[in-house]
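**Student:** Sharing a sequence plus its predicted fold:
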Amino acid sequence: MVLAGCATAPKVDDPDQYLKDARGLAAKAGTEKSSTSRDKDYQQAIVKYTAVAGSGFKDKPQGAQALFELGALYETAQGKTKNLNQAYTEFNTLLNRFNRSRSELSGRGFLTNEIDQVQLLANKAKTKKEQVAAELNVQNSKYKLLGILNLYRIMDFLVNLTGAIPAFSYWFAIIIVTGIVKLLSTPLTKMQFKAMKEMQKISPLVKEIQTKYKGDQQVIGQKTMDLYKEHHINPFASCLPMLIQMPILMLLYYMIRMYQYQFAKGTFLWIGSALQHKYDFTVPFGAGGTVWVTAGNLSEPDLILVVLYVVSMYISTKLSSVDPTQAEQQKMMAIVMPVMFAFLFAGFPSAFLLYWLVFNVIQTVQQYFILHRHNEPLPATGPATAQPDKPKDDDTPRPTRRRRRR
């Protein structure tokens, strides 16, 4: 949920008055002839609604009412305030918080009339969410990247190629398109990992230089570059393939994003099964919002996919830790990086997590074969200094013994 127009939400003492004021501002904005005045009124109304929806009343009927009216404002507003994506987010947030059974709501302290109120709002929000998603889906289906490439149509073709079967076609399309992109980028991946390995093979020698000339960065830099030149290594060789791959990865990301509202029809193993929506929690970082332990469809966040992604990333990081001189740092990175990405990606739809998981698994397999199979082990220290050949025993000169005369 976006808080527009101010840095922090004001303290709410009377949520009903806040809602009344917000409605007045939204109605006034609709009659304004000046776009500046109109946008100002809209933003003030958004601040009021957001304050109620994010305050101590967020789990109360007033919070549900604020979310619904805020979603409706974003959906119907005039000018630049209109934002269908944000409207979808507000309706979805309402459903995540309040689309519960009567017994669950009663257990949270709701009175009978309050249960009726929030369930009515949840049903209306469900309808609104579907309407907004349908409108966004139409927009996305027409969008062409750079006016040329229709990413939506590519994903739609792959889904329909297998009959648009909810339990198969949607996740299979993600795997297919991810696999194709990864296959096409394999030469770049090989180049990246091979360059990385060459750098790692001489890292003990770089360590020696840093130790020997500690404190003199200019000499360290010069000696290190001389070392790279001596071993015919380009220190930027591993960066270039990565930079080239980034636009490809972004294309794949936007392809899934363009199709995200269709992924609400798709399921995957436990996602959409009888286990769906058993437990949930809120993630304050990354995409934020409610994360289900088992999601209902591929458009919802799923904790199990997050855990699988973290495990795959941990294995990938451990496999890349082939430099003995940096063992401690690499050990720390193998833990910190997966945890950081877990919080970053936790609130994303399952379709995104499945894409990243498949991509990471394929890349980890490639990484293993490039860095660890049919290759010599990396040295723990620099190459031994050549020693002069020792004379063989047969060639060792012996002192001449004189025969004694009798």
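**Tutor:** Arrived safely, thanks for sending.
**Student:** so where's the protein shaky on pLDDT?
**Tutor:** 1-11, 196-197, 200-201, 234-242, 244-245, 283-289, 319-334, 371-406 (pLDDT under 70).
**Student:** roughly how far apart are the residue most central in space within it and residue 259?
**Tutor:** Geometric centre of the chain, nearest residue: residue 345, 3.9 Å, by Cα atoms, centre = their mean. For residue 345, the distance to residue 259 (Cβ to Cβ, to the nearest Å) stands at 18 Å. Yep, even glycine has a C-beta here, placed from its N, CA and C like the rest.
**Student:** same thing with residue 122?
**Tutor:** Taken as Cβ to Cβ, the span from residue 122 to residue 259 is 26 Å.
**Student:** With neighbour numbers in mind, choose between those two.
**Tutor:** Higher neighbour count among residue 122 and residue 259: residue 259, with 28 against 20, using other Cβ atoms under 10 Å.
**Student:** thought residue 145 was touching residue 152?
**Tutor:** No. If you go by Cβ atoms under 8 Å, residue 145 and residue 152 don't touch, sitting 9.8 Å apart.
**Student:** Tell me which of these two has more neighbours.
**Tutor:** residue 152 (22 against 14).
**Student:** which of the residues in the helix or strand containing the more buried one are buried?
**Tutor:** Assessed by DSSP states H and E, residue 152 sits inside helix 151-161. For helix 151-161, burial by neighbour count (16 or more other Cβ atoms under 10 Å) applies to 151-156, 158-159.
**Student:** same question, stretch 90-108
**Tutor:** Those would be 90-100, 105, for stretch 90-108 by 16+ other Cβ under 10 Å.
**Student:** Now the two most distant members of these.
**Tutor:** 90 and 105 (19.8 Å; Cβ to Cβ).
**Student:** how does this protein divide into domains?
**Tutor:** Following automatic domain parsing, one gets these domains for the chain: 15-142, 169-372.
**Student:** ok, back up a step: out of the buried residues of stretch 90-108, name the ones that lie in helices.
**Tutor:** 90-98, 105 (DSSP state H).
**Student:** Closest to residue 275 out of those residues?
**Tutor:** After measuring those against residue 275 - Cβ to Cβ - the closest member comes out as residue 96, at 17.1 Å.
**Student:** Once you drop chain neighbours, what's closest to that closest one?
**Tutor:** Leaving out its chain neighbours, the residue that sits closest to residue 96 by Cβ to Cβ, 6 or more residues apart in numbering is residue 290, at 3.9 Å.
**Student:** can you tell me which residues contact that neighbour?
**Tutor:** Shown in contact with residue 290 (Cβ atoms under 8 Å, 6 or more residues apart in numbering): 93, 96-97, 280-282, 301, 347.
**Student:** And for residue 143?
**Tutor:** 150-152, 258.
**Student:** what's the most distant pair in those?
**Tutor:** 150 and 258 (8.5 Å).
**Student:** My guess is residue 117 contacts residue 62. True?
**Tutor:** No. Residue 117 is not in contact with residue 62 according to Cβ under 8 Å; the separation is 9.8 Å.
**Student:** quick one, which of these two is more surrounded?
**Tutor:** Neighbours were counted for residue 117 and for residue 62 using other Cβ under 10 Å; residue 62 has more, 22 against 17.
**Student:** Remind me which helix or strand the more buried one belongs to.
**Tutor:** Counting by DSSP H and E, residue 62 is part of helix 61-76.
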